[in-house]
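K.L.:
Curious how this folds, go ahead:
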Amino acid sequence: MKKIVLALVFCAITIIAKAQDASVEKSLYGIQTGPIGIWGYNETKLTNSIALRSEIGIEAGFSGGSNYNGTYFVVAPSISLAPRWYYNLKKREGKSKRIDGNSGNFVSLKTSYQTDLELASNDEHVDLISDITIIPTWGIRRNIGKHFNYEAGFGIGYIHYFKKDNVRLINEADVAVNAHARIGYTF
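P.N.:
A predicted model of the protein is given here:
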């Protein structure tokens with residue numbers, strides 16, 4: 001009788017363990033780098049499929065145009081906040097694919113603020129203007145091994161420039177694009 005009860009308890013524990021919902025990680029910390037910068041980030045679980053990603057980074061930019069003779073390069077800090085909905089975790093888990101480290105497809109609303117603090121530039125006459133962007137983004141995140149990951153995403157949204165007194169802007173608001181490809185390390 002003890003063996004039957006023990007077998008039933010073992011089966012019940014197995015069923016309960018398998019019945020757990022697929023979920024994002026409680027909290028992740030890491031760094032990522034891509035063609036135009038380096039970022040430190042944290043993702044904190046809000047629900048089973050939504051995480052709040054906060055990041056601080058150093059980004060590079062290139063620009064030029066009719067109002068500027070040539071092109072210039074600038075490096076400046078940025079800060080971002082983005083709720084991410086990882087919408088295919090259950091499907092990935094059902095196919096025995098990895099979901100650890102928030103490995104899955106996501107939709108986010110990335111809100112970023114870029115300061116006017118220039119860390120480096122190839123032209124001392126360039127005056128960087130701070131801005132805020134709000135960009136709906138679709139992306140994927142996959143893990144390689146235990147700590148490494150890669151991520152790619154694309155979105156089109158809104159940018160607003162914070163005008164300085166001595167600068168004339170043709171358009172104070174415009175369309176912004178978020179196209180990113182990054183590799184990273186999760187701690």
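K.L.:
show me where pLDDT drops low in the protein?
P.N.:
Filtered on pLDDT under 70, the chain yields the residue ranges 1-20, 63-70, 125-126, 164-173.
K.L.:
residues touching the residue nearest to the spatial centre of it, list them.
P.N.:
Most central in the chain under C-alpha atoms, centre = their mean is R53, positioned 6.3 Å from the mean C-alpha point. By C-beta atoms under 8 Å, 6 or more residues apart in numbering, the contact list for R53 reads 41-43, 80-84, 108. Every C-beta, even on glycine, is put in place using the N, C-alpha and C of the backbone.
K.L.:
same thing but at 10 Å, please
P.N.:
For R53, the contact set (C-beta atoms under 10 Å, 6 or more residues apart in numbering) comprises 28, 41-44, 80-84, 102, 106, 108, 110.
K.L.:
ditto for T133
P.N.:
78, 80, 110-114, 155, 157-160, 174-178 are the contacts of T133 under C-beta under 10 Å, 6+ apart.
K.L.:
mind listing which of those are in strands?
P.N.:
Among those, the ones falling in strands (DSSP state E) are 78, 80, 110-114, 155, 157-160, 174-178.
K.L.:
I'd like to know how far the closest residue in space to I159 that isn't next to it in sequence sits from H160.
P.N.:
Sequence neighbours aside, A176 is the residue nearest to I159 in space, at 3.7 Å (criterion: C-beta to C-beta, 6 or more residues apart in numbering). Separation of A176 from H160 (C-beta to C-beta, to the nearest Å): 9 Å.
K.L.:
Now for the residue nearest to the centre of the chain, which secondary structure element holds it?
P.N.:
Element membership of R53, judged by DSSP states H and E, is strand 50-65.
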